[in-house]
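Asks: output the structure for:
(2 chains)
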2 protein chains.
Amino acid sequence: MDYYSKQISQLIEELASLPGIGNKSAQRLAFHILNMPKERADRLAVTIQEARNNIRYCKTCCTLTDDEECPICKNSGRNHKTIMVVENARDLAAYEKTGQYDGVYHVLHGAISPMLGIGPNDIKLKELMKRLQGDVTEVIIATNSSLEGETTAMYISKLIKPTGIKVSRIASGVPVGGDLEYIDEVTLLRALEGRIEL
Amino acid sequence: MDYYSKQISQLIEELASLPGIGNKSAQRLAFHILNMPKERADRLAVTIQEARNNIRYCKTCCTLTDDEECPICKNSGRNHKTIMVVENARDLAAYEKTGQYDGVYHVLHGAISPMLGIGPNDIKLKELMKRLQGDVTEVIIATNSSLEGETTAMYISKLIKPTGIKVSRIASGVPVGGDLEYIDEVTLLRALEGRIEL
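Replies: Now for the predicted structure:
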């Protein structure tokens, strides 16, 4: 990219290193930023730095937050006896968007993966077990439906069962609106196994 | 997004305001940035600020650069007698990628558009005319093949013709590898009009 001057090339490279942003998009973004009013570009840069500098784990549920406790854990209107276990903060957001879940969460920041060398101690599992010493009636495991997610779900359920706390797993099956024709066999079998009487 | 803490929401909003980045991508980018080592996030922020702060127009061709003159205008190995006129710096980059053009450029930063109220004085046209007082033998107009691009090309060619300098326009027609079936009528007619004897 020697047809761009040095700082422009650097900006394009930095942007292209972000996930899901190819070289074309990075160029488009770079020129968009270069054409911004100076204050807008400053605000973008400062927001990135401040968010990154102040980020930490919520002391209760381990989600990423800029405060000691996240907005959900702070909310006394929620049911703190039900904990949904998710792999990351975006999965939490996905369930929040449904607007139908009133319990709290626990964010593992990953899933157990022998392949990648990620064991139970590499995710926020100890923190979850500590929470269960309090007043908790149900743990809903909402890890992904991948090999790692399922392994993690199994591991956690075995760990919790002896405590007598109810453990459940979100259902897997055919997505609503999904066309059977395009759905993989494993999902189809899961949907069959998990069938409910009408 | 009240399930995210304030600074995370702000970061997502800032990112989602960039072109081509929807809410889902903004969330993914935000968490990617939050999980970066601090130095990487700082470098991203500083690169944005520095590039934006130092950006200016090349004193010769008006492209965006961080120096007085851009790398292409500085390059004595290029043919400075041929000027290709483009609408913006990304169009310049597109021609540079071909690796076959050895002339220099002039970046208009826009195109004449009566609809949007952009007149000849709102683009870098005066700067182009000033360059033509030097030793220039050909001006190749490579504005887009849109209504605005064509209007601008016509306007510039009328302006230059009296000076005796050769003016040309890049060809429009069927893109290489393009399937006639899917090409619009205007392009097909252009390709017909511009046919060359074999």
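Asks: next, the nearest residue to residue A:6 once chain neighbours are set aside: phi, psi?
Replies: Of all residues not flanking residue A:6 in the chain, residue B:66 sits nearest, at 6.5 Å (C-beta to C-beta, 6 or more residues apart in numbering or on different chains). No exception for glycine: its C-beta is placed from N, CA and C like everyone else's. Phi and psi for residue B:66, reported as degrees, to the nearest 10, are phi -110, psi 10.
Asks: what of residue A:138?
Replies: Phi and psi for residue A:138, reported as degrees, to the nearest 10, are phi -150, psi 140.
Asks: need the residue closest to the centroid of chain A.
Replies: Taking C-alpha atoms, centre = their mean as the criterion, residue A:88 is the residue nearest the geometric centre of chain A, at 2.2 Å.
Asks: mind listing what that one touches?
Replies: Residue A:88 makes contact with A:107, A:108, A:109, A:110, B:31, according to C-beta atoms under 8 Å, 6 or more residues apart in numbering or on different chains.
Asks: and with 7 Å instead?
Replies: The contact partners of residue A:88, taken as C-beta atoms under 7 Å, 6 or more residues apart in numbering or on different chains, are A:107, A:109.
Asks: quickly check: stretch A:32-40 near chain B or not.
Replies: Yes. Using C-beta under 7 Å from any C-beta of the partner chain, stretch A:32-40 reaches chain B at A:32, A:33, A:34, A:36, A:38.
Asks: end to end, how far does that stretch reach?
Replies: Start-to-end span of stretch A:32-40 (C-alpha to C-alpha, to the nearest Å) is 11 Å.
Asks: that one - what's its average pLDDT?
Replies: Confidence for stretch A:32-40, expressed as mean pLDDT, is 94.
Asks: mind listing what's buried in that stretch?
Replies: By neighbour count on 16 or more other C-beta atoms under 10 Å in any protein chain shown, the buried set for stretch A:32-40 is A:32, A:33, A:34, A:36.
Asks: repeat that for stretch A:181-198.
Replies: By 16+ other C-beta under 10 Å, the buried positions in stretch A:181-198 come out as A:187, A:190, A:191.
Asks: could you count how many residues lie near residue A:100?
Replies: Around residue A:100 there are 7 other residues, counting by other C-beta atoms under 10 Å in any protein chain shown.
Asks: surely it is in a strand?
Replies: No. Residue A:100 is assigned coil when assessed by DSSP: H, G, I helix; E, B strand; the rest coil, not a strand.
Asks: contacts only, for it.
Replies: Under the criterion of C-beta under 7 Å, 6+ apart, residue A:100 has no neighbours.
Asks: got it, and the one 10 residues further on?
Replies: For residue A:110, the contact set (C-beta under 7 Å, 6+ apart) comprises A:87, A:118, A:122, A:123.
Asks: take these and lay them out in CSV including secondary structure, neighbour count and pLDDT.
Replies: Output for the contacts of residue A:110, formatted as CSV (DSSP: H, G, I helix; E, B strand; the rest coil; neighbours: other C-beta atoms under 10 Å in any protein chain shown; pLDDT from 0 to 100):
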residue, secondary structure, neighbour count, pLDDT
A:87, coil, 20, 94
A:118, strand, 16, 94
A:122, helix, 15, 95
A:123, coil, 24, 96
